[in-house]
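S.K.: Here is the input, now give the coordinates:
(chains A, B and C)
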Amino acid sequence: MRKKLQGLVGGTAFAVVGALGLNAANAEALVAGVEASFPPWAYVEDGEYKGIAIDAMRAIAEDQDMEVEFKDLPWPSLIPALAKGRIDLLVTGLNITEERNEVLDFSIPWWENDDEVLVAEDSDLNVVTALCCGATVGAQGGATQYQWLEDNLEANEDVDVTLRSYEDYVTAIEDMGTGRLDAVVTSTDTAEDFIAKDRPVKIVGTIQQNQPQALAVQKGDPNEILGKLNAGIMNIYESGQWTEIVKEYSPQSTIRSIPTTMPDYVDAYEEPIPGYSD
Amino acid sequence: MIVEIIISQMPYLLHGLWVALQLLACLLALGLVLGLSLALLEVYGHWTLRWLGILFERIFRGIPAIVLLLLFYYGVTDFVEIGSFMAAVLALGLRSAAYQSQIFRGCILSVPPGQMQAARAMGMSKMKAVRDIVLPQALRLSIGPWTNEFSSEMKATSLAYVIGVVELTRQAKYIISSTQGNILIVFAVVAALYFIFNRLGNWGLYKLEKKLAVPGFEQRGDA
Amino acid sequence: MLLKVENIHKRYDETEVLKGVSLEMETGQSKVIMGPSGTGKSTLLRCINYLTPPDEGRVLVEGTEITSRNLNRMREKLAFVFQDFNLFTHLRAVDNVAIGPRKIRGMSRRAAHELAMRELERVGLSERSHAYPAELSGGQQQRVSIARALAMEPKIILFDEPTSALDPELTGEVIAVMKQLASEGMTMLLVSHEVGFARQAADEIIFMDGGHILEQGPPAQLFDAPQHERTRQFLSRIGQGGEAA
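M.R.: Numbering: from 1, shown residues only, chains lettered A, B, ... in the order given. Next up is the predicted model:
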């Protein structure tokens, strides 16, 4: 009978040793952190990474002869993981902000976004009533939309909105479906994706942000990949690959000329910009 | 339509379940080896070791699993290069060791002292007496409480996605976000998968307990 | 001299339980220690095999003193039978008997099993060899524990009140086994109030009181002509001869 107990212990110990092998990652490849529940930029479908950012990154990697593997982390973990060097670059619909500029370096911006105010399909609210007078509004925690709502609406007592933070937008939209939220504020492309996928929501207004988006690397670019990213972005834009990728995932989107607005607070945009103007 | 989605996505959910189970097996094994060692140290060791064991227990039982996961993923990796999976095994495994050491300690202490005395009186060394007399009895007693630990760690694996382990919960998230909806149904399926596996595990452990049960001795249920 | 116990002292906190006890045993002798409860009889027995290490004094087996370094080896020569049996609850009767030969004496599984079966036969329990302790009566359990002691092939067996945890109707079978062992020439030191056994099988009775040996001598002398008043009082309290099985 002791044999059985020993067998049990031995078996589990074997499982541990076996699992250690699971971690044998490719040491050469750069690890690109993504939040894979963020369509149309990055998501997983049928076990494959997909989305504008994913395909564009693959194209850039091919163009620049880089080896990149994707690593999915929840949104709130992405920037800390990059800052700690657990991942080498960040590939998603990442907005350029002053705060983020403090902890990471941006590639040249490849996209520009506005924010959309979404309400339930059968809602009577308009762009004003959805964002005032006792309304409860949701956005992804840590996202620029959330920051904007906090700074401009919640801080202002006369407006009277309650702000709710979500780990991702799908949950926020679902919560609006059950009546817990009056409105959700998302970026334009996310809003359009929800509508394209027949979620019961409608856009009642746009908040003009001209919010640029980019890839990002660790502050100071220790792996010297920023130049390759910038060069790659320009190459796939000029070759027309970029337009193809965007149209595949988001047919309704307008392609903007790259680079889009380059905020002057971004360190990485001081001349010469590696891979772009050097 | 949703049924089709679930059916077509089932392989990915099952893969997520497989990752969760690997994580579970590893963390329980680590917890078993370390938890049993801690329990032995605490019962038979020098008081300093006992004190260290209790300190370890307090620390790992007092910190939420999710915080441990983040600590190990971002903290420990400053010193040793480990991936998400290993970080999750360590964080949850050490925490499980703290819980398991309590289970084993309780069971070792519930073996009557006369058993140890009889073994020592025959001329057995303390080590042999622990290994051949006390532990076989204590381990049998521990299967019941260990089943609870199995269940609670099974559930804890669903937190590992925060450090990038793509297990069952994360796979569910993928399906939800790639279809921009279906939260309730997808999570209902996920819940069912967890439930089924949990029951299977409990059933297996119960069978093991019955199989190893000594007639007339500390039996659960019918005598 | 097979066993020599010299000047054993033992104190628990404030009370000195043993105040300098010495005794000797030759091969083949059996001696019974008697006396009022609380006089240190069981403590003495436990000091002899160091289950309770004495504070002072020494124990020699075949001329070798027991020390912390040779303790396990010396204990193989000093088997111990407990009042409440302490059979290993997770092992069948035969494995309870075989585990010592296997794990301590290094016998093969098969040889140990055969030896265990012989020892069970000796105590009349070969038919219950596959029973677990919880499936046996108290008397049967104590007989298995005697077989377990015998399987170590000890020089001497120490019995600590082997029948006091048993219902009166079960003591007979255990006493019968002990008598048989005594007649086979086994060296035995008992703490027991079984006057019947003591009269018939013991070479000597040791009467202890208050942490001392008060008097000792052959059963006939001690039972029928005790020297001390305390001994007389004790014997009349246990109904001398009346309790025999």
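S.K.: strand partners of the strand or helix carrying A:G93, parallel vs antiparallel please.
M.R.: Assigned by DSSP states H and E, A:G93 belongs to strand A:89-95. Using DSSP bridges, strand A:89-95 pairs in its sheet with strand A:30-34 (parallel), strand A:201-218 (antiparallel).
S.K.: Quick one: these as a markdown table, columns for mean pLDDT and mean neighbour count too.
M.R.: Using the backbone N, CA and C atoms, a C-beta is placed for each residue, glycine as well. Shown next, in a markdown table, are these (pLDDT from 0 to 100; neighbours: other C-beta atoms under 10 Å in any protein chain shown):
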| stretch | mean pLDDT | mean neighbour count |
| --- | --- | --- |
| strand A:30-34 | 94 | 22 |
| strand A:201-218 | 92 | 19 |
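S.K.: ranges for the strands of chain C?
M.R.: Taking DSSP state E, the strands of chain C run over residues C:3-12, C:15-25, C:30-34, C:56-61, C:64-65, C:78-81, C:156-160, C:188-191, C:204-209, C:212-217.
S.K.: got those strands as TSV, with mean neighbour count and distance to B:L52 columns?
M.R.: Formatted as TSV, these follow (neighbours: other C-beta atoms under 10 Å in any protein chain shown; distance: least, C-beta to C-beta, whole Å):
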stretch	mean neighbour count	distance to B:L52
strand C:3-12	18	31
strand C:15-25	18	36
strand C:30-34	26	45
strand C:56-61	17	36
strand C:64-65	12	37
strand C:78-81	26	35
strand C:156-160	25	38
strand C:188-191	25	42
strand C:204-209	23	45
strand C:212-217	17	46
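S.K.: For chain B, what's its nearest residue on chain C.
M.R.: Here the residue of chain C nearest chain B is C:A134; by C-beta to the nearest C-beta that distance is 2.9 Å.
S.K.: Surely that residue touches B:V214?
M.R.: Yes - taking C-beta atoms under 8 Å as the definition, C:A134 is a contact partner of B:V214 at 7.1 Å.
S.K.: Domains in chain C, by residue range?
M.R.: The record's domain parsing of chain C by automatic domain parsing lists C:1-77+C:156-245, C:84-153.
S.K.: Need the mean per-residue confidence for the first one.
M.R.: It stands for domain C:1-77+C:156-245. Here domain C:1-77+C:156-245 scores 91 as its mean pLDDT.
S.K.: picking up where we left off before, between C:A134 and B:V214, point out the one with more neighbours.
M.R.: Neighbour count, other C-beta atoms under 10 Å in any protein chain shown: between C:A134 and B:V214, B:V214 has more, with 20 against 15.
S.K.: For that one, name its beta-bridge partners.
M.R.: In this structure, B:V214 bridges to B:F217 when assessed by DSSP bridges.
S.K.: Strands of the stretch 1-150 of chain A, residue ranges please.
M.R.: Taking DSSP state E, counting those that start in this stretch to define them, one finds strands in the stretch 1-150 of chain A at A:30-34, A:37-38, A:42-45, A:48-50, A:68-72, A:89-95, A:104-106, A:111-120, A:136-140.
S.K.: right, so of these, which gets closest to C:N49?
M.R.: strand A:68-72 (64.0 Å; C-beta to C-beta).
S.K.: What strands flank the closest one, and is each parallel or antiparallel?
M.R.: strand A:30-34 (parallel).
S.K.: which residues touch the residue nearest in space to the middle of chain C?
M.R.: With the centre of chain C defined as its mean C-alpha position, the nearest residue by C-alpha atoms, centre = their mean is C:F159, 1.3 Å away. C:F159 sits next to C:V81, C:M178, C:M188, C:L189, C:L190, C:V191, C:S192 when contact means C-beta atoms under 8 Å, 6 or more residues apart in numbering or on different chains.
S.K.: anything in the longest helix along chain B near chain A?
M.R.: Counting residues, the longest helix found in chain B (DSSP state H) is helix B:2-44. Yes - using C-beta under 8 Å from any C-beta of the partner chain, we find that helix B:2-44 touches chain A at B:8-9, B:11-12, B:15, B:22-23, B:25-26, B:28-30, B:32-33.
S.K.: pLDDT of that helix, averaged?
M.R.: Helix B:2-44 shows a mean pLDDT of 93.
S.K.: if we can go back for a sec, next, format the strands of chain C as CSV and append distance to B:W203.
M.R.: Putting those into CSV (distance: least, C-beta to C-beta, whole Å) gives the following:
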stretch, distance to B:W203
strand C:3-12, 50
strand C:15-25, 54
strand C:30-34, 55
strand C:56-61, 54
strand C:64-65, 56
strand C:78-81, 43
strand C:156-160, 45
strand C:188-191, 50
strand C:204-209, 58
strand C:212-217, 62
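S.K.: Which stretch among those strands approaches B:K210 most closely?
M.R.: Closest approach to B:K210 among those (C-beta to C-beta): strand C:78-81, 33.3 Å.
S.K.: Could you list every helix and strand in contact with the closest one?
M.R.: helix B:113-122, helix C:138-150, strand C:156-160 (3 or more C-beta pairs under 8 Å, 6 or more residues apart in numbering or on different chains; DSSP states H and E).
S.K.: ok, is the first one in contact with chain C or not?
M.R.: Read that as helix B:113-122. Yes - Helix B:113-122 comes into contact with chain C (C-beta under 8 Å from any C-beta), by way of B:G114, B:Q115, B:Q117, B:A118, B:A119, B:R120, B:A121, B:M122.
S.K.: list the contacts for the first one?
M.R.: Right, the one you point to is B:G114. If you count contacts by C-beta under 8 Å, 6+ apart, B:G114 has them with C:F82, C:D84, C:N86.
S.K.: Turn the residues you listed into TSV, columns for distance to C:S126.
M.R.: Converted to TSV, these look like this (distance: C-beta to C-beta, whole Å):
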residue	distance to C:S126
C:F82	22
C:D84	24
C:N86	22
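S.K.: count of residues packed around residue 119?
M.R.: Chain wasn't specified; assuming chain A. 24.
S.K.: actually chain B
M.R.: When neighbours are counted by other C-beta under 10 Å, B:A119 registers 24.
S.K.: That one and B:K128, how far apart?
M.R.: According to C-beta to C-beta, to the nearest Å, B:A119 stands 7 Å off from B:K128.
S.K.: and chain C, which of its residues are near chain A?
M.R.: Neighbours of chain A within chain C, by C-beta under 8 Å from any C-beta: C:H90.
S.K.: about what we covered before: averaging pLDDT over each of the strands of the stretch 1-150 of chain A, which comes out lowest?
M.R.: Least confident of those, judged by mean pLDDT, is strand A:37-38 with a mean of 84.
S.K.: So which other helices or strands are in contact with that strand?
M.R.: Judged by 3+ C-beta pairs under 8 Å, 6+ apart, the packing partners of strand A:37-38 are helix B:168-178.
S.K.: end to end, how far does stretch A:46-56 reach?
M.R.: 19 Å (C-alpha to C-alpha, to the nearest Å).
S.K.: which residues touch that stretch?
M.R.: A:34, A:36, A:38-44, A:70, A:72, A:91-93, A:110, A:215, A:233, A:236, A:241-242, A:245-246, A:248-250, B:8-9, B:11-12, B:15, B:178.
S.K.: from those, which would you call buried?
M.R.: A:34, A:36, A:38-44, A:70, A:72, A:91-93, A:110, A:215, A:233, A:236, A:241-242, A:245-246, A:249-250, B:9, B:12, B:178 (16 or more other C-beta atoms under 10 Å in any protein chain shown).
S.K.: Could you check the angle the helix ranked longest in chain C makes with strand C:30-34?
M.R.: With DSSP H setting the assignment, residue counts place helix C:168-183 as the longest helix in chain C. Following axes from the mean of the first three to the mean of the last three C-alpha atoms, to 10 degrees, one obtains 140 degrees for the angle between helix C:168-183 and strand C:30-34.
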